[in-house]
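Visitor: Take a look and give me a structure for this.
(2 chains)
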Amino acid sequence: MALVDPPVREPLDLTRARLSTRRRLADRAATAVISLAFVVALVPLVAVVGYVVTRGSGIMSWEFLTSDIPRQYRVDGGGMYPAIVGTLLTTGLAALMAIPLGVLGAIYLNELGRQNRTARAIRFLADVMTGVPSIVMGLFVYTIWVLRFERQSAFAGALALACLMLPIVIRSTEEMLRLVPDELRQGSLALGSHRWRTITSVVLPTALSGIISGAMLAIARAAGETAPLVFTVGLVYSPSWSLSDSSTALSAQIFRNASQPFAGAQDRAFGAALTLIVLVFAFTALSRFVASRLAIKS
Amino acid sequence: MSDSTPAPTALAPSPAAAPAVDAPVAHEQPTVFDVQGLSVHYGAFRAVRDVDLQIRRNEITAFIGPSGCGKSTVLRCFNRMNDLIEGARVEGQVRYHGVDLYDPAVQPVEVRRRIGMVFQKPNPFPKSIYDNVAYGPRITGQKGNLDEVVERSLRAAALWDEVKDRLKRSALSLSGGQQQRLCIARAIATDPEVLLMDEPCSALDPIATARIEDLMQEIKQRYTIIIVTHNMQQAARVSDRTAFFTTEVNPSSDTRTGVLVEYDLTDRVFSNPSDERTENYVTGRFG
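Guide: A predicted model of the protein is given here:
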């Protein structure tokens, strides 16, 4: 036997104490830094939500959610019902316009266009559009729609929000479609499935929860936007469900009321902020629930 | 299950079912595929050249050879899966019951409904076990009781007893070997005539592999099977005929092109090959 027995090291010690001091210190330090970073990252999150909840819960009541907005900023009380209606209406309509269009666009980019010239151009434009400041979207719709029809309306606001949402939906959906393994597409095509059938029956269901998450992100973003709405929706004090009439939105009301020196207005601003947070949270939770219901159990 | 052979001439508008080029010898099965001068290019790269072979009905034909020899590429010509690869170009003829599959009038979708495929990596859809098997019959609008088709296909794939109580569960909850048998069940649910298997056992353990091999023997009464395998023992165990491919280096460039070296009865390929390269490969002196 040419092999030499390995030297016996007694006693066998596999505990932490065997590690060099340097490694133990580096380990401790890294753990501490990461924990600290987590706490620091949590601070703004908790602080914002906590502050809005404390300031907004004072005025929060059934009456606040169902009353008209006072015409005078200096009065106390009043409600935000017209702004809730406006936010639901404009954001909802914007979602109805932007999400189907965005998903179809993403299907084109990832399933049909892939790397061809048109697809690359659209992808580039969508990326640029994601970075365009939201107020520019507002000005765009103001110029092409509000000035032409000489009318601010909930529809014009929805149009501005849809312009804002579209690139987000396109890019997030495309990323989700890209995650669908090609083996699934090939498996479907090998069974004699047409391209569109493969997309509707295999690709989209596989990516569904991710697509919904992306769409919700776009909706939450749009619901909180103020700038595209200030030129486009106008202002009302009582609820309006009409698309062609002026409207208002929670975000716009936060902006208007918070910039007033009156205590009543500032309370209403925080109440509106709390309402908006709860609304977005509720929608996100609902969509997660729906997505988990649609996904099959493993 | 019906025992009639499918009518294959509905593929192309011209119903002329030309007889196979080589009239089969009396004891031999009729020809299903007749490949003449097949070459496949990916862009400027020639992946495989000048392949001639005939695939016979109800036989298992194995394609063996070292990596990159073009055996999967040739397999994917039989159901036009190469169409999905950008820049892929096919020359020569692949006649399926006399119909050239690469005739411009031929619909790949129709081809693939008759020629099923099982992939190297099990690729069940993220749907329930039931929906996986029912996928093919649903897209083809097959008439008849879907439950029956699902049960029959799962039984044929020797998976029924293991999954019959959890058909609504996700296919992804199955083990790798079960997933591969599910993919076989999914492929035979559309009642194809031919089953193409691209290294179906390479991701499976020996027990799951043995099950798939047994399964192939059982279902070859009904199907014509072509299997690509890296495993020579597998080819020797399961196949009736073996095609040995290898690569040759192109003198002008540093690329390799696959060629068909020898195609014969499996016994002969393994015990008494006529080409030296085949002998070197099957005896383990190369590759």
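Visitor: Enumerate the residues of the stretch 151-298 of chain A near chain B.
Guide: On the criterion Cβ under 8 Å from any Cβ of the partner chain, chain B has as its neighbours in the stretch 151-298 of chain A the residues A:181, A:183-184, A:186-194, A:197, A:201-202, A:205-206, A:296-298. C-beta: built from backbone N, CA, C; applies to glycine.
Visitor: quick one: which of the residues you listed sit in helices?
Guide: In helices, defined here by DSSP state H, the members of these are A:183-184, A:186-190, A:197, A:205-206.
Visitor: Skipping its backbone neighbours, what lies nearest whichever residue of chain A sits closest to chain B in space?
Guide: Ranked by Cβ to the nearest Cβ, the top residue of chain A for proximity to chain B is A:G192, at 3.2 Å. Across the structure, with Cβ to Cβ, 6 or more residues apart in numbering or on different chains as the measure, the residue nearest A:G192 apart from its sequence neighbours is B:R113 (3.2 Å).
Visitor: and what of A:A126?
Guide: Nearest residue to A:A126 in three dimensions, chain neighbours excluded: A:P167, at 4.3 Å (Cβ to Cβ, 6+ apart).
Visitor: Okay, buried residues for the host helix or strand of the one you found please.
Guide: Assigned by DSSP states H and E, A:P167 belongs to helix A:154-179. Neighbour counts over helix A:154-179 (16 or more other Cβ atoms under 10 Å in any protein chain shown) mark A:154-174, A:176-177 as buried.
Visitor: Doesn't A:G79 belong to a strand?
Guide: No: assessed by DSSP: H, G, I helix; E, B strand; the rest coil, A:G79 does not belong to a strand; its assignment is coil.
Visitor: and the nearest residue to it once chain neighbours are set aside, how many residues sit next to it?
Guide: Nearest-residue entry for A:G79: A:S67, 2.8 Å, with adjacent residues in sequence omitted and distances by Cβ to Cβ, 6+ apart. A:S67 is surrounded by 17 other residues when neighbours are defined as other Cβ atoms under 10 Å in any protein chain shown.
Visitor: and what of A:V75?
Guide: By the measure other Cβ under 10 Å, the count of residues near A:V75 is 12.
Visitor: which SS state does it fall under?
Guide: State at A:V75, reduced to three classes by three-state DSSP: coil.
Visitor: One more: B:A62?
Guide: Recorded secondary structure, B:A62: strand (three-state DSSP).
Visitor: Please name the residues that touch it.
Guide: Residues in contact with B:A62, defined by Cβ atoms under 8 Å, 6 or more residues apart in numbering or on different chains, are B:226-229, B:234-235, B:238-239, B:241-243, B:266.
Visitor: any idea how far B:V228 is from chain A?
Guide: Plainly put, B:V228 is 14 Å away from chain A if you go by Cβ to the nearest Cβ, to the nearest Å.
Visitor: pLDDT wise, what is that residue at?
Guide: Note on B:V228: pLDDT of 94.
Visitor: Is it in contact with B:K71, as I believe?
Guide: Yes: judged on Cβ atoms under 8 Å, B:V228 makes contact with B:K71 at a distance of 4.9 Å.
Visitor: of these two, who's got more company?
Guide: For the pair B:V228 and B:K71, the greater number of neighbours falls to B:K71 (29 against 25), based on other Cβ under 10 Å.
Visitor: residue contacts, A:D27?
Guide: A:L19.
Visitor: 7 Å instead?
Guide: Residues in contact with A:D27 (Cβ atoms under 7 Å, 6 or more residues apart in numbering or on different chains): none are found.
Visitor: Might you report the residue contacts of residue 92?
Guide: You didn't pick a chain, so chain A it is. Contacts of A:G92 (Cβ under 7 Å, 6+ apart): none.
Visitor: let's do chain B instead
Guide: Neighbouring residues of B:G92 by Cβ under 7 Å, 6+ apart: B:36-39.
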